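[1] With the input below, show me the fold.
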Amino acid sequence: MKDTTVFVPVLRVGSPTFDPHALLAAHPEVKPYDVWRAGDPFLRGRTRSKSGFAVDLGSGAKCSTVVRRCIEKIRTMTPALRKARKAGATSELDIGVMPDARWFVLSTRFSPDDLAVLAKAGVALCVSSYPAHDSGASRRGATTRRRPAVRKRRERAS
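    Now for the predicted structure:
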């Protein structure tokens with residue numbers, strides 16, 4: 001039986017006074033899938049409290065490959081991320097883990113060198129786990145649920 005665990009890394013940068021458009025214009029190497037301003041509409045009728053952007057760093061099924069890709073991309077974006085930090089923005093790498101329903105223990109490993117790259121760029125690290133789905137549930141008539149942001153990014157890419 002194939003493991004269907006997926007690792008979805010997203011880099012989020014923002015602050016209440018940050019101008020993401022100015023930073024992105026000066027750093028074309030940063031390619032966000034979403035950019036917003038404080039006050040923009042958000043989920044369920046709320047408004048965003050910060051201005052910022054999000055970059056999809058490339059999802060995958062093998063954690064070590066995803067981590068390596070994240071570190072490489074953050075290295076190339078370090079000058080932009082340091083400039084964002086000087087402008088008062090915070091940066092966070094969120095590794096979303098959507099585990100296969102059969103596995104309940106997973107690990108995500110960052111080497112000291114990987115963590116040094118994140119520290120140099122001023123990027124915090126977060127690992128989030130999303131509810132597993134039972135691949136057999138769809139055969140029994142139940143529906144499986146995907147994280148909305150992943151579905152939205154995939155729709156934009158098509």
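
[2] C-alpha from now on. contacts and neighbour counts both.
    Will do.

[3] roughly how far apart are the closest residue in space to E29 that isn't next to it in sequence and A38?
    Nearest non-adjacent residue to E29, counting by Cα to Cα, 6 or more residues apart in numbering: M77, 6.8 Å away. Separation of M77 from A38 (Cα to Cα, to the nearest Å): 23 Å.

[4] same question, R68
    32 Å.

[5] higher neighbour count, these two?
    A38 (18 against 12; other Cα atoms under 10 Å).

[6] count of neighbours near L23?
    17.

[7] who touches it in this structure?
    Taking Cα atoms under 8 Å, 6 or more residues apart in numbering, we find L23 in contact with A80, K83, A84.

[8] which residues are contacting the longest helix belonging to the chain?
    As assigned by DSSP state H, the longest helix anywhere in the chain is helix 63-86. Helix 63-86 has contacts (Cα under 8 Å, 6+ apart) with 7, 9, 13, 18, 23, 27, 29-30, 57-60, 90-91, 108-110, 114, 117-118, 120-123.

[9] Just the buried residues of it, please?
    By 16 or more other Cα atoms under 10 Å, the buried positions in helix 63-86 come out as 63, 66-67, 69-71, 74-75, 77-78, 80-82, 84-85.

[10] Could I get the full set of helices for this protein?
    Under DSSP H, the chain gives helices at 20-26, 63-86, 112-121, 148-157.

[11] Could you dump those into JSON lines and include distance to G52 and mean pLDDT?
    Conversion of the helices of the chain to JSON lines gives the following (distance: least, Cα to Cα, whole Å; pLDDT from 0 to 100):
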{"stretch": "helix 20-26", "distance to G52": "5", "mean pLDDT": "95"}
{"stretch": "helix 63-86", "distance to G52": "10", "mean pLDDT": "94"}
{"stretch": "helix 112-121", "distance to G52": "16", "mean pLDDT": "94"}
{"stretch": "helix 148-157", "distance to G52": "16", "mean pLDDT": "50"}
